[in-house]
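**Student:** one predicted model, sequence on top.
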Amino acid sequence: MIIPALNEEEVLERSIEHVRKGVSDDVVDIVVADGGSRDRTVDIAQGLGVRVVKTGPGRGSQMDRAAELATTETLLFLHADTLLPEGWYDAIKRALEDRDTVAGGFTLSIDSNRFAARLVEWGAAQRTRLLGLVYGDQAIFIRTHAFKRTGGFRGLPLLEDVDIIRRVRQLGRVAILKERVLSSPRRWQKRGYTITTIQNWLCLALYYTGVSPQRLYRWYYKT
């Protein structure tokens, strides 16, 4: 399991605790790919006994670097502010019993009581159903051989999740699990649910028209 992190001292410990619920450490190898945190992220990870790989910033690059060290047959990429559901390990194991399945993700839920959060969840479900796209906050899992064959995340700073899912779908089925991850609402709260959703869909549309993720990254974080 790979957790990309950058200044995640407030959420990392809880995330790792949820990973370990009902799963022994000899079954799951947790690697935190730190992109240059200036807070206690690295100390917390090391204190919990997980491996830490220090990289440059950029989620795609962080996850690619950590994946180079992986020895497992399946890679699971988990955002530091996302909590896995109970039974997550068995759910992935069942999905991969189908040899045609090469990757997948969980159903998204947001840790908020706001009606806007329910709309975002609905939109994510429609995007997954209609476009077959799984975002990183849904905890993407990929067979290691498929990850390597497609070239991984290619170091992309934005839309690295969309990009790899589009490529890995050419190798087999992408499964959507009914079990729900619980994602922090912080990025929607920071800019507002409406603005964040519009920006996300606009980025996706521009990506499909050929605008590079690097250019979209500069635009997204500038705005």
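**Tutor:** Noted; the coordinates are in hand.

**Student:** separation between the spatially most central residue of the chain and Gly60?
**Tutor:** With distances taken as CA atoms, centre = their mean, the residue of the chain nearest its centroid is Gly136 (2.8 Å). Using CB to CB, to the nearest Å, Gly136 is found at 10 Å from Gly60. To be clear about C-beta, it is placed using only N, CA and C from the backbone, and glycine gets the same treatment.

**Student:** touching both of these two, which residues are there?
**Tutor:** Both Gly136 and Gly60 are contacted by Glu160, under the criterion CB atoms under 8 Å, 6 or more residues apart in numbering.

**Student:** quick one: low-confidence residue ranges for this structure.
**Tutor:** 223 (pLDDT under 70).

**Student:** quick one: the helices in this protein?
**Tutor:** Using DSSP state H, the helices of the chain run over residues 12-20, 41-47, 59-67, 88-95, 115-131, 144-150, 160-168, 186-191, 193-208, 213-222.

**Student:** distance of the closest residue to Arg38 other than its chain neighbours from Val52?
**Tutor:** Nearest-residue entry for Arg38: Asn7, 6.2 Å, with adjacent residues in sequence omitted and distances by CB to CB, 6 or more residues apart in numbering. Asn7 sits at a distance of 14 Å from Val52 (criterion: CB to CB).

**Student:** coming back round to it: OK, contacts around the residue nearest to the centre of the chain?
**Tutor:** 59, 77, 79, 160-161.

**Student:** now do it against Ala80, distance only.
**Tutor:** From Gly136 to Ala80 the distance is 11 Å (CB to CB).

**Student:** same deal with Gln126?
**Tutor:** Plainly put, Gln126 is 26 Å away from Ala80 if you go by CB to CB.

**Student:** so between the two, which is more surrounded?
**Tutor:** Neighbours per residue (other CB atoms under 10 Å) separate Gln126 from Ala80, with Ala80 holding more: 23 against 10.

**Student:** look up the closest residue to that one, ignoring the ones flanking it.
**Tutor:** Closest to Ala80 by CB to CB, 6+ apart is Glu8, at 4.0 Å.

**Student:** what residues are up against the one you found?
**Tutor:** Listed by CB under 8 Å, 6+ apart, the contact set of Glu8 reads 37, 39, 41, 80-81.

**Student:** next, it: phi, psi?
**Tutor:** phi -120, psi 30 (degrees, to the nearest 10).

**Student:** and the gap between it and Arg14?
**Tutor:** Applying CB to CB, the value for Glu8 to Arg14 is 10 Å.

**Student:** what about the residue nearest to Arg38, neighbour count?
**Tutor:** If you count neighbours by other CB under 10 Å, Asn7 ends up with 15.

**Student:** which residues touch it?
**Tutor:** The contact partners of Asn7, taken as CB under 8 Å, 6+ apart, are 37-39, 41.
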